[in-house]
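Asks: Have a look at this fold, sequence not included:
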């Protein structure tokens with residue numbers, strides 16, 4: 001997922017969380033999932049930077 005796609009998802013979540021039921025679902029499931037996706041993106045980027053320049057991978 002690209003940063004632009006992630007931003008689109010976050011914007012969509014803000015739009016759909018206008019009702020109480022949707023807001024509960026977003027808070028319970030969607031926001032934590034997006035947070036995990038962001039964390040994984042950071043970890044992958046860190047690993048790629050660490051591997052950059054290594055010839056044995």
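Replies: That came in fine, so what should we check first? Predicted model only: the values in this text are computed from it and were never measured.
Asks: for the protein, what helix or strand is lowest in average pLDDT?
Replies: In the chain, no helix or strand scores lower on mean pLDDT, DSSP states H and E than helix 20-25, which sits at a mean of 76.
Asks: what about it, distance to the chain center?
Replies: Relative to its chain's centre, helix 20-25 lies at 19 Å (C-alpha atoms, centre = their mean, to the nearest Å).
Asks: try stretch 26-43
Replies: So, by C-alpha atoms, centre = their mean, the centroid of stretch 26-43 is 5 Å from its chain's centroid.
Asks: Which parts of the chain are helices?
Replies: 3-16, 20-25, 31-51 (DSSP state H).
Asks: now those as TSV including mean neighbour count?
Replies: Placement of C-beta: from N, CA and C, glycine included. Supplementary listing: the helices of the chain in TSV, determined by neighbours: other C-beta atoms under 10 Å:
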stretch	mean neighbour count
helix 3-16	12
helix 20-25	12
helix 31-51	11
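Asks: Okay, now the unreliable bits of the protein?
Replies: Along the chain, the parts satisfying pLDDT under 70 run over 1, 17-18, 55-57.
Asks: Now do the same contact list for residue 22.
Replies: Counting by C-beta atoms under 8 Å, 6 or more residues apart in numbering, residue 22 makes contact with residue 16.
Asks: I'd like to know how far it sits from residue 15.
Replies: Remark: distance between residue 22 and residue 15 (C-beta to C-beta, to the nearest Å) = 9 Å.
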